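[1] All I have is the shape, not the residue letters:
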């Protein structure tokens, strides 16, 4: 991106209303138009799910942009669908580069929003609507960038595949199917992860973080059964009491704090952008993961506790069958986010030990998730992303991070395919409304993001 254009983009982000001179006018216009059309389609699981229509919108753009019609397929699955598009490379011996995203969005109730969530609006430099952040604008930008590459007569050596799942926000069935089909991939760019942070006051890019790992999602059901009886004849072996005692122990338990090379790099670099107390704790923890004072500070911060190790928390409880009867059954769900490198079975065994209650039975009831370890910090990926960021936002720090939530990356990592959250979109932390009300993203992202993709995709597919 030209320096003058880049500075103009900074100003647009800061002012919220300026419009950067387009470096790729056709691609930028297409990205915004496609994002608006996609937002207007209510791609929510359940009756009236329009995810297949989003797939059709994307397919039409790709085919019109030069992809062979036979190379862009839409596959229905239940009330949704997934899309896979291939751009064949010249060297068939090379494993493909995969660009991964999703088309579905979480539910949004129009009565709760200031604007209808499925009527896209551009106002004061922002694109409003469900999916503006997660992740219809990202998807449209990536598609427009690939079409721009073709327009520029680029010929990849490595096959490029762009794919969109259709139920990432719910069952992730299509996510698993896609990863199975593409388990021979060389590397995955997950454009539904990572991203940049804008300074709250100036609106200028502060730092960019790519995601090289995410915690494994797991649900464990704790159950206590009992013959029950009349409530006028209470006994010590009460199912609810026994379950409650176990839950208190689990709630008070802290899994061993730990670091990986990736999270150490994150704590070291991200500490610069936190308040003095949190930043000092992050640096201390990076230097010594057994530092008790640092652990206490980070564990008390909801935004940080998930980054220092495995977390498990009670999320649902059910027990008893009558007001005047001893409970015959009591159950609770423990939701865990497991630090990479640990299996759900190991964590379940640790919970059983912590509960220390023979009457409590624990069962893994996880659905829609698979264990996954961190992706390695591959030099080629890190170099490509760092180079691209330096070209569009010179001087912006670039470092890795680990996500506490789940994404389609876990399905690829389950197949030992390195996957990286690498969205180039920047927002203020205070304006991240994905999954929330009045979702919006600065449209000043479009031009720089296209330049970023042109650089990263070409570097990794040569």
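    In hand now; what should we look at? None of these values were measured; they are calculated from a predicted model.
[2] how about the helices in the stretch 101-250 of the chain?
    Along the stretch 101-250 of the chain, counting by DSSP state H, counting those that start in this stretch, helices occupy 136-151, 173-181, 239-252.
[3] Using CSV, please lay out the ones you listed together with distance to residue 218 and mean pLDDT.
    (Glycine included, C-beta is placed from N, CA and C.) Supplementary listing: the helices of the stretch 101-250 of the chain in CSV, determined by distance: least, C-beta to C-beta, whole Å; pLDDT from 0 to 100:
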stretch, distance to residue 218, mean pLDDT
helix 136-151, 28, 98
helix 173-181, 16, 98
helix 239-252, 14, 98
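[4] so which of those helices comes closest to residue 448?
    Nearest to residue 448 among the helices of the stretch 101-250 of the chain is helix 136-151 (9.8 Å), distances taken as C-beta to C-beta.
[5] May I see the buried residues of that closest one?
    For helix 136-151, the buried set under the neighbour-count rule, 16 or more other C-beta atoms under 10 Å, comprises 136-149.
[6] before we move on, the earlier item: residue 273: which of the helices of the stretch 101-250 of the chain is closest?
    Closest among these, using C-beta to C-beta: helix 136-151, at 22.7 Å.
[7] Which strands or helices does the closest one pack on?
    Applying 3 or more C-beta pairs under 8 Å, 6 or more residues apart in numbering; DSSP states H and E, we find helix 136-151 packed against helix 25-39, helix 51-64, strand 97-102, strand 160-165, helix 446-461.
[8] Pipe those into TSV and attach mean pLDDT and mean neighbour count per row.
    As requested, these are exported to TSV (pLDDT from 0 to 100; neighbours: other C-beta atoms under 10 Å):
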stretch	mean pLDDT	mean neighbour count
helix 25-39	98	20
helix 51-64	98	20
strand 97-102	98	27
strand 160-165	98	26
helix 446-461	98	24
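[9] out of these, which comes closest to residue 210?
    Nearest of these (C-beta to C-beta): helix 446-461, 10.3 Å.
[10] With distance to residue 75 added, can I get the helices and strands packed on helix 136-151 in TSV?
    Compiled in TSV, the helices and strands packed on helix 136-151 are given as follows (distance: least, C-beta to C-beta, whole Å):
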stretch	distance to residue 75
helix 25-39	19
helix 51-64	9
strand 97-102	14
strand 160-165	10
helix 446-461	24
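[11] got the residue ranges for the strands in the stretch 151-300 of the chain?
    Listed in chain order, the strands of the stretch 151-300 of the chain (DSSP state E, counting those that start in this stretch) span residues 160-165, 187-190, 195-198, 205-214, 216-225, 229-230.
[12] hmm, who's touching the shortest one?
    Spelled out, it's strand 229-230. Strand 229-230 is contacted by residues 235, 324, 325, 326 when judged by C-beta atoms under 8 Å, 6 or more residues apart in numbering.
[13] tell me which of those is nearest to residue 54?
    For the contacts of strand 229-230, the minimum distance to residue 54 (C-beta to C-beta) is 51.0 Å, reached by residue 325.
[14] Setting aside sequence neighbours, what's the nearest residue to residue 414?
    Leaving aside its sequence neighbours, residue 414 sits nearest to residue 370 (C-beta to C-beta, 6 or more residues apart in numbering; 4.3 Å).
[15] list the contacts for that neighbour?
    Shown in contact with residue 370 (C-beta under 8 Å, 6+ apart): 176, 216, 410, 411, 414.
[16] Now for those: which two are most distant?
    With distance counted by C-beta to C-beta, no two of these lie farther apart than 176 and 216, which are 14.4 Å apart.
[17] Looking at those two, which is more packed in?
    residue 216 (25 against 20; other C-beta atoms under 10 Å).
[18] which non-adjacent residue is nearest the more buried one?
    The shortest distance from residue 216 to any non-neighbouring residue, by C-beta to C-beta, 6+ apart, is to residue 338 (4.1 Å).
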